[in-house]
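Q: return a 3D structure for these sequence lines:
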Amino acid sequence: MLERIFVFLLETSFFLLIGACLLRGWMNWIRISMREQPGSFVMAITNWLVIPLRRFLPAAIAKSRIDWASLIGAALLALVYGLLLALLFGAMTGAGGIAMPATMFALLGFAIKMLLRVALQTLLILVFGFAILSWVQPGSPAYLLLGRLIDPLITPLRRVIPTVGGIDLSILALLVLLQIGLMIVS
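A: Predicted coordinates:
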């Protein structure tokens with residue numbers, strides 16, 4: 001019982017940190033100001049990891065449009081989470097107490113799967129928030145921010161899927177695609 005609670009708290013903590021790193025990278029890529037919410041919150045909980053990583057990156061990479069430090073930070077967090085779970089359940093060592101290469105590849109696969117799952121779930125939350133606000137409070141600052149965040153994903157779908165009776169079905173299509181992505185990853 002306590003082990004399940006600990007794993008739940010560990011997963012929740014790492015999900016939030018990985019999601020914040022990925023959101024920081026996404027917001028920087030689409031040029032959203034980090035001085036407003038949720039940017040200032042995301043920066044506050046990821047600066048401890050992202051700023052030191054930027055120092056190690058070459059200047060050309062550190063100043064590119066892609067926030068590599070945030071993406072590397074998310075990947076490192078996913079690896080640490082997988083390592084903690086493996087150590088917690090004793091899956092890291094062989095008979096002599098030496099880490100097995102197969103386990104290391106499994107850890108890498110777990111980290112990639114975790115990154116994809118967090119990215120898809122974060123996008124799902126953003127799209128749900130946008131859909132709800134489009135009905136409840138269109139034009140609000142949160143609606144506009146969520147619209148900018150999901151716009152790179154929704155624009156190609158809007159070109160293909162027509163509006164039916166004033167309802168934008170591209171949001172529903174994106175939700176379905178994200179759910180399918182989660183099914184594939186899980």
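Q: count the residues that sit near Met114.
A: By other C-beta atoms under 10 Å, 23 other residues sit near Met114. C-beta here means a position set from N, CA and C on the backbone, and glycine is covered the same way.
Q: contacting residues for it?
A: Phe14, Ile18, Ala78, Tyr81, Gly82 (C-beta atoms under 8 Å, 6 or more residues apart in numbering).
Q: in PyMOL, how would I select just the buried ones from those residues?
A: Buried subset of the contacts of Met114, written as a PyMOL selection, criterion 16 or more other C-beta atoms under 10 Å:
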select buried, resi 14+18+78+81+82
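Q: which members of the contacts of Met114 are the farthest-apart pair?
A: Largest separation among the contacts of Met114 by C-beta to C-beta: Ile18 and Gly82, giving 11.2 Å.
Q: please identify the buried residues of the helix or strand harbouring Val118?
A: According to DSSP states H and E, Val118 maps onto helix 101-136. Neighbour-count burial for helix 101-136, with 16+ other C-beta under 10 Å as criterion, is recorded at 103, 107, 110-111, 114-124, 126-127, 129-131, 133-134.
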